[in-house]
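Take this sequence and fold it.
(chains A, B and C)
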Amino acid sequence: MRGRSRIQELPMSRANWLVKSEEEVYSIRHLERDGITSWEGVRNFEARNLMRDEMKVGDEVLFYHSNAKPAGVAGLARISREGYPDSFAFDAESPYFDPKSDPTQPRWFMVDLQFVEAFPEVVSLERIKSHPGLTGMVLLRRSRLSVQPVSEREFTIIRELGRGS
DNA sequence: GCCAACGTTGGC
DNA sequence: GCCAACGTTGGC
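Alright, predicted model coming up:
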C-alpha cells in the first residue's frame, strides 16, 4: 500500500426527501398522533426504488399535503426504519393489494416515518412556486411523483418558511 | 367535479 | 420495442 492512498469512507451525509399524502387520508396530525407510521401503498417504481434503496434512518422528510386547501408542506418527519417489503400488497383485503407481489419476491417496499414537527402554517404550493430558491424542486417538475428527493438548500428554505421565520 | 399530466399496460 | 389506450394523481 505504500505510495497509494486508499479511498476513505466518507461520513454519510444525511439526505432529504418529500413525501405526499392526501390530507384527509393521512395528515401530519395523524402522524403526530401515531408517532411512527409505515408508509405503505406507494405503487410507483421510481418512488419504490427510493424507499427500497436510498432512504436511510435519520434522513429528514418534508410532509406534503395533496388534495388540500392549500396544498403544501405541513411539517417534518424522519425516516425511522429503512426499506422493507410492503406487506399490504400481499393482503387481498387491502386496497393496496397487488397480486403481482408476493413475500418471496416483493414488488413493493415501504419505510417507517417518525413525526418531527407540524408547521404553524402550511408552506403552500403557491409559495413554493414563487420562491426563487425553490424553482428547481422536483415537486414542481414531476407532479405525480409521491416520494422524491429534496436538496439540502430546498429543505432548509422550506423548514424556515414553515417555522415562520 | 373537471381535466391536464403522466406512469403503466398491453396489443401488435 | 413502440405507442395508443387507460387509469390515477393532484391542482384548481
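
Roughly how far does the residue nearest the centre of chain A sit from DNA strand C?
Of all residues in chain A, the one closest to the mean position by C-alpha atoms, centre = their mean is residue A:19, 3.3 Å from it. Distance, residue A:19 to DNA strand C, by C-beta to the nearest atom of the strand, to the nearest Å: 10 Å. The C-beta positions use only the backbone N, C-alpha and C, and glycine is treated the same way.

Could you list the paired strands of the helix or strand harbouring that residue along with their orientation?
Assigned by DSSP states H and E, residue A:19 falls within strand A:16-22. As defined by DSSP bridges, the strand partners of strand A:16-22 come to strand A:60-66 (parallel), strand A:147-150 (antiparallel).

just to revisit the earlier point, wait, doesn't the residue nearest to the centre of chain A sit right on residue A:112?
No - Residue A:19 lies out of contact with residue A:112 (C-beta atoms under 8 Å); the separation is 11.8 Å.

Show me what from chain A comes close to DNA strand C.
Residues of chain A found near DNA strand C (C-beta under 7 Å from any atom of the strand) are A:20, A:22, A:43, A:66-68, A:70-71, A:125-126, A:143-146.

Of those residues, which is the most crowded?
When neighbours are counted by other C-beta atoms under 10 Å, residue A:20 leads the residues of chain A next to DNA strand C with 21 neighbours.

thinking again about what came up before, export the residues of chain A next to DNA strand C to TSV and tack on pLDDT and secondary structure?
Output for those, formatted as TSV (pLDDT from 0 to 100; DSSP: H, G, I helix; E, B strand; the rest coil):
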residue	pLDDT	secondary structure
A:20	97	strand
A:22	95	strand
A:43	93	coil
A:66	95	strand
A:67	92	coil
A:68	93	coil
A:70	93	coil
A:71	96	coil
A:125	96	helix
A:126	95	helix
A:143	86	coil
A:144	90	coil
A:145	94	coil
A:146	95	coil
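
shaky segments in chain A?
A:1-12, A:165 (pLDDT under 70).

And the helices in it, which stretches?
Secondary structure of chain A (DSSP state H): helices at A:28-34, A:45-49, A:125-130, A:138-141, A:152-163.

Could you identify which of the strands paired with strand A:16-22 is most buried?
Highest mean neighbour count among these (mean count of other C-beta atoms under 10 Å): strand A:60-66, with a mean of 22.
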